[in-house]
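[1] Please work out how this folds:
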Amino acid sequence: MGLHEASSAEQDSAERSVVDTMQQEADIYRNGEDRPVGGYAVVMAVYLSLVGVLAGVAAKLGRPLPRPTAGDIAVTALASHKVSRVLSKAAVTSPVRAPFTRFDGPGGPAEVMEKPRESSRVRHAIGELLACPFCLDLWVVTALVFGLVYAPGVTRLIAGSFCALTGADFLHLAYAKAQQMATEG
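    Residues are numbered from 1 along each chain as shown. A predicted model of the protein is given here:
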């Protein structure tokens, strides 16, 4: 066996050992539950890769990092709340989630509840991400932050619009509660 063949065999053995160790750790973590740890790793790798590419391109282009004001932070928070709820819960966006989730019943006003499909670990992890507004917030906030780097005017317009929608939603809920209290009293 030549030197190249020996080092290739050693590398294959080392890779199998790493994969086996990772599998054992994932099994221990799951504690008997069906958790798509490998799928989560893929989703995290995609997220980190996107952030790395966007940050690298911004640095290469010399784009200045935004210095968000308190207003930017508040608008980003309210906009990300609304965008993540629309993406994860709105009935009209269910076609986006359908390959990764299945309908589980009605949710809040104009919302649906869905469960992730479990046909593969990656599909399950993406299903959890798409059906969870809390999980999507990270992605939405990241998109808005990079929007401020690449197109601040358009990003502020879009974020402001979704911020206004968030306010309108809360007004609808407050109005409905006031109507309910008026008819009960």
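[2] Determine how far stretch 120-137 lies from the middle of the whole chain.
    7 Å (C-alpha atoms, centre = their mean, to the nearest Å).
[3] Go through that stretch and flag the buried ones.
    By neighbour count on 16 or more other C-beta atoms under 10 Å, the buried set for stretch 120-137 is 121-131, 133, 136-137. Quick note: C-beta positions are derived from backbone N, CA and C, even for glycine.
[4] gap between the residue most central in space within the chain and residue 61?
    The structure's the chain has its C-alpha centroid closest to residue 136; by C-alpha atoms, centre = their mean the separation is 2.9 Å. Look at residue 136 and residue 61: by C-beta to C-beta, to the nearest Å, they are 27 Å apart.
[5] Likewise for residue 170?
    38 Å.
[6] follow-up on the earlier one: nearest to residue 104 among the buried residues of stretch 120-137?
    Closest approach between the buried residues of stretch 120-137 and residue 104, by C-beta to C-beta: residue 131, at 8.8 Å.
[7] so that closest one touches residue 116, yeah?
    Yes: using C-beta atoms under 8 Å, residue 131 is in contact with residue 116, at 6.1 Å.
[8] Show me which parts of the helix or strand that contains residue 182 are buried, residue by residue.
    If you go by DSSP states H and E, residue 182 is part of helix 152-184. Neighbour-count burial for helix 152-184, counted by 16+ other C-beta under 10 Å, picks out 155, 156, 158, 159, 162, 163, 165, 166, 169.
[9] Can you list the helices and strands that it packs against?
    Judged by 3 or more C-beta pairs under 8 Å, 6 or more residues apart in numbering; DSSP states H and E, the packing partners of helix 152-184 are helix 70-89, helix 133-150.
[10] With just CA atoms, put the shortest one into CSV.
    Only the C-alpha atoms of helix 133-150 are listed here, as CSV (Å, rounded to 0.1, in the frame of the first residue of the first chain):
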residue,chain,number,x,y,z
PRO,A,133,-42.7,32.8,14.4
PHE,A,134,-40.1,32.9,17.2
CYS,A,135,-37.8,30.8,15.1
LEU,A,136,-38.3,32.9,12.0
ASP,A,137,-37.6,36.2,13.9
LEU,A,138,-33.9,35.6,13.7
TRP,A,139,-34.0,35.2,9.9
VAL,A,140,-36.3,38.2,9.5
VAL,A,141,-34.2,40.5,11.8
THR,A,142,-31.1,39.4,9.9
ALA,A,143,-32.7,40.2,6.6
LEU,A,144,-33.8,43.6,7.8
VAL,A,145,-30.3,44.4,9.2
PHE,A,146,-28.7,43.4,5.9
GLY,A,147,-31.4,45.4,4.2
LEU,A,148,-30.1,48.5,6.2
VAL,A,149,-26.6,47.7,4.9
TYR,A,150,-27.5,47.3,1.2
